[in-house]
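Undergrad: give me coordinates for this.
(chains A, B and C)
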Amino acid sequence: MMTAVAFPVSFAPTARRAWRKLTRPHVVLGLVLLGLLFYLVMIPLFIMIQTTITWQVEDQRLVRGVVPGEFTLFHWDRVFNSIISQAMLWTPLQNTLVTSIGISFFALSIGSLLAWLVVRSDLPGKGYISSIAIIPYMMPSWTLSLAWIVVFKNQRIGGSMGFFEALTGIAVPDWLSYGPVPIIITLSLHYYAFAFLLVSGALQSLDARLEESGEILGASRWQVLTRITFPLVIPAVLSAFILTFSRAMGSFGTPAFLGNPVRYYVLSTSLYNNIQSRLQADGFVIGLAMIAIAIVTIYINQRVIGVRKSFATLTGKGFTSTPVRLRAFRYPIFIIVITFLTIAVFAPLLFLGYESLMLKKNSYDLSNLSLHYWIGESNPKIADGIGGVLRESQTWASTWNSVALAVVTGVITSLLGIFLGYAIVKGRGTALSKFVEQVAFLPYLMPSIAFGAIYLGMFAQPMGPIPALYGTFWLLVLVSVAKHLPYSSRSGTAAVMQVGSELEEAAIIGGASWLTRFRRIIMPLTTAGLVSGFLLTFITTMRELSLIVLLVTPATRTLSTLNFRYSEQGYHQPGNALAILLIVIVLFSEWFVRRLRGAQIGKGLGA
Amino acid sequence: MHTIELVHVTKRFGKVVAVDDLSLTIERGNFLTLLGPSGCGKTTVLRMLAGLEEPDAGDILIDGKPVFSAQEGIFVPPAKRNLGLVFQSYALWPHMTVYQNVAFGLEMAKQPKQEIQQRIGGILKDLQIGEMGQRYPQEMSGGQQQRVALARMLAPKPGIFLLDEPLSNLDARLRVDMRSELKRLHRDTGATTLYVTHDQLEALTMSTHIVVMKEGRVQQHASPAQVYRTPANLFVADFIGSPKINLLDATATLGEGGTHLKFATFEIARVLTRASGAVVAGIRPEDIRISPEPDPNGIEFKVYSVLPAGSEIVINAHRGATSVVIRETRDIQLEMDSVIWLQFDSKKINLYDKQTGSLIAAAKN
Amino acid sequence: MFRNKCFNVALCVLVIAIVTAACTPAPEPTKAPPPPAPTTAPAAAPTTAPAAVPTTAPVAAPTTAPAVPKPTEVAKPAAPDPYKGITAAQDAWAKAAQVGPYQPATLDWDAIEAAAKKEGKVVVYSASSRIADVKKSFEAKYPGITVEGYDIAAVDLLTKLQKEFRSNIHTADVAFVGDPATQLGEMFYPPNKILWTFVPDVLFPNVKTVDVINQGDRDPMLVHIIGGYTWLYNTEAFKEPPIKNIWDLTKPEWRGRVTFGDPQTTPNTLNCFTSLTNHPDEMAKAYEAAFGKPIVLEPGVPNAGYQWIKNLAKNDPVMTKSAGDAGNSVGAKGQKNPPVGFAPWSKIRDVLSGNLVFDLMWNMSPVIGCADLVTLSMVNQAPHPNAAKLMVRWYMGDDKGGLGRSPYNVPGDGNPRKDVAVPKGGKSVDEMQKLLWRNDPGYTYANAIKVRDFWIANLK
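TA: The predicted structure follows:
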């Protein structure tokens, strides 16, 4: 990499020095990655903004005679300041804030409490509990909402009854069937696992001696918890809150399933509705509003935390400390935790599984149970001839697509994460490093569905070195990789940070080129982070829906999108069967990779 | 076996000047120690020499050939400078066995496998870790890891050794053992060695030359004995020696038979070093004689503390506000608060300018 | 986690950019000019004018366009020429493929088949999953020609075609998709000549197309399905249709018990509601029949069709994710108090197979539903034009239905071919024409979004 010799001698020495500075591996890498990020992140954002301020072809439906491509503020005016603003923006905005804050609050409370119990207390069966507790994170967030509908469906949308009503005969009130309450409950039961991973990561790296010092000075366990432990992990908790908030705000499936029947719209469903009505520009305005909210929350977060930077008070090492004794509460708490996990993890699967066995929708008779939607032959009289999912060639094609997409995305993302981490960590303090870090975080703020919509148009033509990807598998890979950049850069940064710079310098002295160093030193030493990053990406890509729903074609359809298409068309039983198949594959893969490499998805979050 | 020259080398990190216009020559085969408190820039000098940092200005030459020149834009990469480096943390690659760690440099140099095997077998044996080739670093003790780090440095037979506080992570006993081994190693290989430490004892015991640094500047470059006996300034005087040198403010007047020093609470006449005005007198603790009995030539002090350390006793004595430390090798019994009489060796007092802190006159040794 | 100051700065800049952008449209909330027509409601007048508005046809002043759904009358000029202004490349392609202006009066189908075999492939974008059946039968009929069938939701399919056209990508040969409003509005006329109508001169079994398909179903576009969307009731709970007049749905007794696909996400519902606004006189007459007094439009409501939509919106309707779901809700067995709903007629299949129990409100006035069309077109500069022609003909089936058409021969999905027997539970194309209001593509295109806005604005 030190190419001083190769450089023309005529150049001034200062130029040579500058050249050498620019050709340092992390600078070159940083610049290359910046180019990539510009391409994958900045251009889409730019297109998004541009779309909102120009006339679109389809605007002719509203305003005749417009010239597509010309500048206008029509869309902004329409979204913010027209008779439909209330219904399209302000009410959904209010709903979004209510649900997202509710979800973040409950998810954080449950997740932190569980994390504390698992990391710090003498709760029995902690190992099992923490493995089970993260299962919801591996399930698509909308499976819980599907299960909710199976159970609490009422006569509001007519049709069949839910389990609850069928068994008890009690009519379920609307507020329990649909709307904010079930949205908050189901998504909290999903995102608590996310919070659990983040907070337990922070708790594990908390130096127990800090707590012990407090104890020696005579503080009670409770005082230690509230005066020492809690303030120390609060940055982590707040960050987890913000991350959960952004994710909850961007989630689409659950509000669509549970909100639409009672016209409870949130920003993401409002955005989707606009895109469905081919009002893409209006949808993008809403998308930008969502980005703005995410930015504001992060800004507030920073102001609140102030100088107490996240994790700054935490040392990197783990310490074993004597667990807090729960004494008489040990078993009662254990039972509560087990009950909770049963409700959050196993019950949804059970209900989905049961419904997938119901031949006809409205009959809870045992005689109605059938394996038709699993292994039955196609029968035109049942579900328009959709055969058992295990028999349909579509299922296997989609499964293959899902797995291939998840594996390829996982590999690319985790490698890219290490590169990003390298560029960010080795360049610490430089503007380039900061910029790369920030731009890599941007996709986190962009709603998946809008992101997908932009990619739909962006890669129709060959762009630079990338050929036209329209409708191909690689477009899905590209968009998934781009959307995972925030995670990969975080986990990559954490992984590279753990590799002391001297380890690489020792290899420089030994005469290893940069590639050799990367291959023989950096890569092997970041394997744990690499595999964890892979696992996280694999799981989230397997269940990804909103990001790719606009980009899949029949040839590239994945399990989750096939599931969505089924439930969109009202074929709930085969849809549920697919959801279960998907979950089984994800759980098995996670178990397999964990067995193989001892990776943890928590590490993949950079926690 | 190279000569190393650093010429007007400057290195900044942001606004902080880590190394400030430093010039330094290490003659072939010398064992030069960079000594100074943390943050004095000594490690930066080593890293610049290694090629891990690039100076902002100046030249670095090995055997007269520039490996770095800011003016001409020359930069020779580390691997081409024929040097080996041991890091403070050892920086052993945890995913490689001892053998793989040591073989890395030779592999990079594309040496035949056979030769590598022989060479490493020999080195590991010499360093008494011959049996441990297949272990991983984390399965070894600190001392063994240290040897692996040395082995890795030695394997490609570098002409320059760079050692960055290699002993600081070892316990006290091992440190003493390793000192003599390192000294032996230097002697056997004859490699020009740059050793960085903040431990003056290491510097004094092992080096042929010592460079004391402070805030990126060289304070003194001399032999260990010179650095000890005639520190170039108050900083060096204060830094070198354990227990610490006594630095006492005095007013000097040139008088009959030498300099007359007037301290706050006592006076010393006929000091051989000549100076006048406001000075600081540097008196090594071993240059003070204790008499438990009244001594007419002595000055009366009160024992403040007695710290016996087996081979020596360190005594802190007060006279009014004046406090001195005495190192006594005789086996004498002293009680705290007892009265003693001190005789200062007037031949061995160094005088420093009170204003500039630099040595005015050195005691003759 | 989010620790960088620079990050703050970068994001703040973004926020500021967004905020400024959001604020600029209405620097001065100027009053809109007085409404040009008395139908424009004063209540909705003080909307702001977007800064840059191109001049438009006087009927749809852009100042009021987003706010007041003044129905845009689509003048029926002499039918525009769908080929005027095509590019040289398109012209060359049309000439070589013998389509559009170059289509001869009689086609040599043997030559087409031979050429198609040479092409070896045909790419179909289909908004229906039944493309799988078509693929199977077509490949059996024409071995050597592979069908690449894409099953894509209608909105995405149209978007995909538009993006591909703009990017000069020519992949698709045949498009099988609904929403003729958008097709004709944005994709049929140069310079956006994305779709080409190809009408085979003869169909299986050797009948002249003009003899079996009405002109309206082959010009300007070839219709494949006349999709009926109708109001339904549960036959288990009601012995006879509980509703005789469309205005009954807005009465309090049906509060919370009317269900249909969400107009925001199911275009068929929206299109059908839009067609109600295109028949204001019939709607007004029906109002009088239902309430015994002439209709008085509320301020801001342009006509009786809109008034009905507004009243329905205020009656707590239940919206489903898809139109079909509404049919499931209405027709599920064992309900004590089932809703009435608006769903695809073709849902009647589930009644015939015994899964659901519902029937159409056969005698509801002024209309029991609407017809939304699915068309079959060739895609601009299709790479396999001859195979595409074969495919279009195959899709149209034969007098028994035919394997290409039979997957779609379901009751309620009207077949434009009049020589094919109507399946049980369905009606012929001419009968459907009488029963249903057919959505006018031009009117739908110009008004559907306004109806949507009106709907959204009145929901609560």
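Undergrad: any idea how many residues pack against the residue in the stretch 151-300 of chain C that chain B sits nearest to?
TA: Evaluated by Cβ to the nearest Cβ, the stretch 151-300 of chain C has C:Ser167 as its residue closest to chain B, separated by 47.2 Å. The way it works is simple: take the backbone N, C-alpha and C, and place the C-beta from them, glycine included. Using other Cβ atoms under 10 Å in any protein chain shown, C:Ser167 has 15 neighbouring residues.
Undergrad: settle this for me: it is touching A:Ala468, isn't it.
TA: Yes: because the distance of 7.3 Å satisfies Cβ atoms under 8 Å, C:Ser167 is recorded as touching A:Ala468.
Undergrad: ok, back up a step: tell me the spacing between the residue of the stretch 151-300 of chain C closest to chain B and chain A.
TA: Distance from C:Ser167 to chain A, counting by Cβ to the nearest Cβ, to the nearest Å: 4 Å.
Undergrad: which phi and psi does that residue have?
TA: phi -90, psi 10 (degrees, to the nearest 10).
Undergrad: give the bridge partners for B:Leu24, please.
TA: Under DSSP bridges, the beta-bridge partners of B:Leu24 are B:Leu6.
Undergrad: list the contacts for it?
TA: Contact analysis of B:Leu24 by Cβ atoms under 8 Å, 6 or more residues apart in numbering or on different chains lists B:Ile4, B:Glu5, B:Leu6, B:Val9, B:Val45, B:Val211, B:Val218, B:His221.
Undergrad: quick one, domains of the chain?
TA: As the question left the chain open, I've gone with chain A. For chain A, the structural domains run A:24-56+A:391-607, A:99-357, going by automatic domain parsing.
Undergrad: actually, chain C is the one I wanted.
TA: According to automatic domain parsing, the domains of chain C span C:88-224+C:373-430, C:227-372+C:449-458.
Undergrad: picking up where we left off before, now, the contacts of B:Leu24 that are in helices?
TA: Those of the contacts of B:Leu24 mapping onto helices are B:Val45, per DSSP state H.
Undergrad: make a markdown table out of the contacts of B:Leu24 and add pLDDT and neighbour count.
TA: Output for the contacts of B:Leu24, formatted as a markdown table (pLDDT from 0 to 100; neighbours: other Cβ atoms under 10 Å in any protein chain shown):
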| residue | pLDDT | neighbour count |
| --- | --- | --- |
| B:Ile4 | 94 | 23 |
| B:Glu5 | 94 | 18 |
| B:Leu6 | 94 | 21 |
| B:Val9 | 94 | 25 |
| B:Val45 | 94 | 29 |
| B:Val211 | 95 | 24 |
| B:Val218 | 93 | 21 |
| B:His221 | 94 | 19 |
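Undergrad: export the contacts of B:Leu24 to CSV and tack on distance to A:Asn274?
TA: Formatted as CSV, the contacts of B:Leu24 follow (distance: Cβ to Cβ, whole Å):
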residue, distance to A:Asn274
B:Ile4, 70
B:Glu5, 72
B:Leu6, 67
B:Val9, 64
B:Val45, 64
B:Val211, 72
B:Val218, 71
B:His221, 76
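Undergrad: from the contacts of B:Leu24, which is closest to B:Gly357?
TA: Comparing those against B:Gly357 with Cβ to Cβ places B:Val218 closest, at 14.8 Å.
Undergrad: distance check, that closest one against chain C.
TA: B:Val218 is 38 Å from chain C, by Cβ to the nearest Cβ.
Undergrad: check B:Ile116 too.
TA: B:Ile116 is 46 Å from chain C, where distance means Cβ to the nearest Cβ.
Undergrad: where does chain C dip in pLDDT?
TA: In the predicted model of chain C, residues C:1-78, C:460 satisfy pLDDT under 70.
Undergrad: top strand in it by residue count?
TA: Looking across chain C with DSSP state E, the single longest strand is strand C:222-234.
Undergrad: just checking, next helix/strand downstream of that one?
TA: Using DSSP states H and E, the next helix or strand after strand C:222-234 towards the C-terminus is strand C:258-261.
Undergrad: wait, what's in contact with the most centrally placed residue in chain C?
TA: The residue lying closest to the centre of chain C (Cα atoms, centre = their mean) is C:Asp179, at 3.0 Å. Residues near C:Asp179 by Cβ under 8 Å, 6+ apart: C:Ala154, C:Val155, C:Leu158, C:Pro267, C:Asn271.
Undergrad: same check, this time on B:Ala151
TA: By Cβ under 8 Å, 6+ apart, the contact list for B:Ala151 reads B:Val98, B:Asn101, B:Val102, B:Ile120, B:Ile123, B:Leu124, B:Leu127, B:Ile129.
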